[in-house]
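>>> Please find the sequence and the predicted model below.
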Amino acid sequence: MGGRPVVDLGRLSRDLAAASEVAGPDAPMAVCEACVSWLPMTGAAVTVMTGQEQQELVCATDPVAARIDELQFAFGDGPCLTAFRTGRAVLVSDTTDPSDRRWPLFTAAAVETGARAMFVFPLQIGAARVGVLDCYRTEAGPLSSAELAGALRAADVAVWTLIDRMDWAGAAADDLPGGPPGSGTPVLGGGLAAAAPPRAEVHQATGMLVAQARVSASVALARLRAAAFATELSLGQVAAEVVARRLRLTPDGAWQPDLSRVARGVEEGPPWPESHQHGRPGNGRGR
């Protein structure tokens, strides 16, 4: 926590005011850096979301903050998803508390990153939500009332660093949970799209599984996540296997290598683990 015994709301407010005037994709990062500088946070990140299946990291102050975001996308669960879904701040004062069983898989992985407390704030205007401000620290403990007030102020500014750089795609209101009728779905624009680490391969793999197994996109993404968990590979690695056509999902739910590539003499690259070539991921062969 950088040795700061007390939050400095005055300096936080000045830095947040400056962040709101920053042009381009640097503005969200300026908000995150203000949180780390003047609040008892080790790291912070801003993520734009339209639900469990659409989640893009805009910026992160450090690799741990980025990893926490990636874990929640991989598991499809965690405090960010809860904050976004409910529109309420999620405050986790101790990630090692055994009585908190809300996100068991995510929490176990988050503890391994060194995060001991997490504080997540939805980014919203009225009922319309666009993402979250996700803060963590390496020491357990709750936020004081002043610290919480400062973090909520930072979340308010983070919204405005995003909102005028997002294109509203006129989709159905239910694409944006809690959004007012006609609010549409927010899409990264104004340079933020280039700043966000691409998850296009995961989305491409999801689409391929929809065609292969004739399932919905949400089911296809769930299958990818299950495969990643069962094989102890990252979600991106599993998606790469699907996109490279080294792995297929059959309509009956079984994973198989794409034997047609072998027949055509196409180089297969690193093989899918043999123990997972057949059957359903998550059947006890993994972790």
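That came through, no problem.
>>> Tell me where the stretch 1-150 of the chain has strands.
43-51, 54-60, 90-92, 117-125, 128-137 (DSSP state E, counting those that start in this stretch).
>>> Distance to residue 205 for those strands - can I get that in JSON lines?
Every residue, glycine included, has its C-beta placed from N, CA and C. Conversion of those to JSON lines gives the following (distance: least, C-beta to C-beta, whole Å):
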{"stretch": "strand 43-51", "distance to residue 205": "18"}
{"stretch": "strand 54-60", "distance to residue 205": "15"}
{"stretch": "strand 90-92", "distance to residue 205": "29"}
{"stretch": "strand 117-125", "distance to residue 205": "27"}
{"stretch": "strand 128-137", "distance to residue 205": "23"}
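>>> Format those as JSON lines; extra columns: distance to residue 7, mean neighbour count and mean pLDDT.
Output for these, formatted as JSON lines (distance: least, C-beta to C-beta, whole Å; neighbours: other C-beta atoms under 10 Å; pLDDT from 0 to 100):
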{"stretch": "strand 43-51", "distance to residue 7": "14", "mean neighbour count": "25", "mean pLDDT": "88"}
{"stretch": "strand 54-60", "distance to residue 7": "21", "mean neighbour count": "22", "mean pLDDT": "87"}
{"stretch": "strand 90-92", "distance to residue 7": "15", "mean neighbour count": "21", "mean pLDDT": "97"}
{"stretch": "strand 117-125", "distance to residue 7": "13", "mean neighbour count": "23", "mean pLDDT": "94"}
{"stretch": "strand 128-137", "distance to residue 7": "12", "mean neighbour count": "26", "mean pLDDT": "93"}
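>>> Nearest approach to residue 68 belongs to which of these?
strand 128-137 (6.0 Å; C-beta to C-beta).
>>> Give me the helices and strands touching the closest one, please.
Contacts of strand 128-137 with other secondary structure elements, assessed using 3 or more C-beta pairs under 8 Å, 6 or more residues apart in numbering; DSSP states H and E, are made with helix 26-38, strand 43-51, helix 63-75, helix 79-86, strand 117-125, helix 145-163.
>>> Now residue 251: closest residue in space that isn't a chain neighbour?
Spatial nearest neighbour of residue 251, excluding adjacent residues (C-beta to C-beta, 6 or more residues apart in numbering): residue 213 at 5.2 Å.
>>> For the one you found, grab the count of nearby residues.
By other C-beta atoms under 10 Å, 19 other residues sit near residue 213.
>>> pLDDT at it, what is it?
You'll see residue 213 listed with a pLDDT of 78.
>>> Residue ranges in the stretch 51-200 of the chain under the pLDDT threshold?
Of all residues in the stretch 51-200 of the chain, those with pLDDT under 70 make up the ranges 51-53, 164-200.
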